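Asker: what's the 3D shape of this:
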Amino acid sequence: MQNTQLTINKEQLTINQQIFATRKSAVSCQLSVVSCSLRRGYTLLELLVVIAILGLIMAITIPSFSEFRQNSALNADTMNVITLINRARLLSVSDKGDKQYGIYLSSTSSILFASSTFASSATSTRETYTLSSGITMSGTASEIVFAKVTGVASTAATTTLLGTTSSTTILIYPTGIATIK
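Answerer: Below you'll find the model as predicted:
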């Protein structure tokens, strides 16, 4: 009986060794596949997912950034035109050089001049401010002259600066004061 048991135990031992060897090779094969794929880098699918996410982020942010830049340029141009108008009025009020000063507004620039009319002003006394690209100006008056000492405007005017997505209106009152509407 011991002999039979020993034979059975030997058979079981042989079977257990075979099962262990099979499992061991399967585990080592799986481990080598994992370590092998880790050594190769990223899969094509992972790269495509990252590229798609980056494309989506760019598609969302670029239009917002572009609109922000355009609005910033419009605000800067508006402030510069108002500054030039107020400077022309201030120079007339201060009676600097015993001259009248005015502002000439075209579609792409504003020009400060020293004379009773733009046409008769010397080009050496002109200060020009050119609007940013993509911004235009339109309005009710192209030439406004401010009276000496009082600063009263020759005409009340409304000027609009137009960007691609928004606009700003500048009001010039008969008193010569300029404000943003």
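Asker: can you tell me which helix in this protein is longest?
Answerer: helix 44-93 (DSSP state H).
Asker: what's the neighbour count on residue 64?
Answerer: Neighbour count for residue 64, taken as other Cβ atoms under 10 Å: 9. All C-beta spots, glycine's among them, are computed from the backbone N, C-alpha and C.
Asker: circling back: which other helices and strands contact the helix or strand that the longest helix of the chain is followed by?
Answerer: Next helix or strand after helix 44-93 toward the C-terminus (DSSP states H and E): strand 101-105. For strand 101-105, the packing partners by 3 or more Cβ pairs under 8 Å, 6 or more residues apart in numbering; DSSP states H and E come out as helix 44-93, strand 109-114, strand 143-146.
Asker: repeat the analysis, applying 10 Å as the threshold.
Answerer: In terms of contacts (3 or more Cβ pairs under 10 Å, 6 or more residues apart in numbering; DSSP states H and E), strand 101-105 is packed against helix 44-93, strand 109-114, strand 127-130, strand 136-139, strand 143-146, strand 157-162, strand 167-172.
Asker: tell me which residues touch the spatially most central residue of the chain, please.
Answerer: Closest to where the C-alpha atoms of the chain average out (Cα atoms, centre = their mean) is residue 65, at 2.8 Å. Residues near residue 65 by Cβ atoms under 10 Å, 6 or more residues apart in numbering: residue 58.
Asker: much appreciated, bye for now.
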